[in-house]
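Engineer: fold the following, please.
(2 chains)
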Amino acid sequence: MVDNLKLIVGTVAAAAAFGLGYGWGAHKVKDLEAQIESIKKTGAEVDAKLKQSQEEMARTLKEKEAEFARQSQQLKAEADRKEKDLTAALASTGGRIESLRAQLSAAQAKQAQLGAGTDAGTAAERKALQGQIDALRAGMDANQCLALAVPEPVIGPLVRRN
Amino acid sequence: MKPILICLSSLAFSGCTTAVPVVREALKCEAPASMLAECSDPVAIKQGITFGEMIGVSGRDRDSLRECALRHKSLAGAVVDCNNRIEKYNAEVREINARNAKQ
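Structural biologist: Presented below is the predicted three-dimensional model:
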């Protein structure tokens, strides 16, 4: 009889202890679950913002890249055109020198004619002719200069820096 | 019997697991490869170069410098844009944190 009573009381006490423990534990877990839910929500929100920001950044960079490609292409085209112009200009230097020489001869001949003739040209005419001759000489010298090698003491330091 | 118990236990425990959010990576600022290319070296000058050729060398170097300057300008612009975007994102995160702290 006493043993049975002990068993019943023990069982009831154990059930009560289990119930209390369960209730307390469930309460704690509920709090934790709420916290986890809040953390998850925040995480999802930050994830969405991160994704949106990353996409916007990628879009901006793509636009920058396209703009850079366009400007770069423009520069390249301009550089190619200038290179061609320069090559053509340098190649025609010889022809230009010949043409300047012919013009110079003609001007010099005219100058001699003006000086020798009885109806010598006016001072203003002679001055204008001299100016023309000087300009032709300067043009010829400048063109001839392009074919000259840069003196070693001048170009040496640049060559060594290569 | 034992394998069945193991399976049942695994199933029961898996119900208790919670996926914890991991710390995310920061925003990536991936500048286009074309903007990261190095600038060209100056054109080599050979001994006995003429004044005419020097004009060509100078022209090519100028073009190269112009291209390098454009690349640098574009890259600097991209970095500024990236920083602005990162700052905007950080402000949004700060706002979320402030809101959470109030709760």
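
Engineer: and the lengthiest helix in chain A, what does it pack against?
Structural biologist: When chain A is scanned for its longest helix (criterion: DSSP state H), the result is helix A:2-91. Judged by 3 or more Cβ pairs under 8 Å, 6 or more residues apart in numbering or on different chains; DSSP states H and E, the packing partners of helix A:2-91 are helix B:33-36, helix B:51-102. Every residue, glycine included, has its C-beta placed from N, CA and C.

Engineer: ok, 10 Å please
Structural biologist: Where contact means 3 or more Cβ pairs under 10 Å, 6 or more residues apart in numbering or on different chains; DSSP states H and E, helix A:2-91 is packed against helix A:123-146, helix B:33-36, helix B:51-102.

Engineer: ok, then the element right after it?
Structural biologist: Toward the C-terminal end, the helix or strand that comes next after helix A:2-91 (DSSP states H and E) is helix A:93-116.

Engineer: quick one: contacts of that following helix?
Structural biologist: Contact with helix A:93-116 is made by A:89, A:92, A:120-122, A:125-126, A:129-147, B:52, as judged by Cβ atoms under 10 Å, 6 or more residues apart in numbering or on different chains.

Engineer: low-confidence ranges, chain A, go.
Structural biologist: By pLDDT under 70, the low-scoring segments of chain A are A:114-121, A:162.

Engineer: do that again at 90, thanks
Structural biologist: Residues of chain A that meet the criterion pLDDT under 90 lie in A:1-4, A:25-28, A:31, A:34-43, A:46, A:89-147, A:154, A:156-162.

Engineer: B:C29 - that's part of a helix, no?
Structural biologist: No: membership of B:C29 in a helix is not supported by DSSP: H, G, I helix; E, B strand; the rest coil, which gives coil.

Engineer: ok, it touching B:Y89?
Structural biologist: No: between B:C29 and B:Y89 there is no contact under Cβ atoms under 10 Å: 11.2 Å.

Engineer: I'd guessed A:V150 sits against B:S58; true?
Structural biologist: No: assessed by Cβ under 10 Å, A:V150 is found out of contact with B:S58, at 11.6 Å.

Engineer: overlap in contacts, these two.
Structural biologist: B:I45.

Engineer: neighbour count winner among these two?
Structural biologist: Set A:V150 next to B:S58 and count neighbours by other Cβ atoms under 10 Å in any protein chain shown: A:V150 wins out with 19 against 13.
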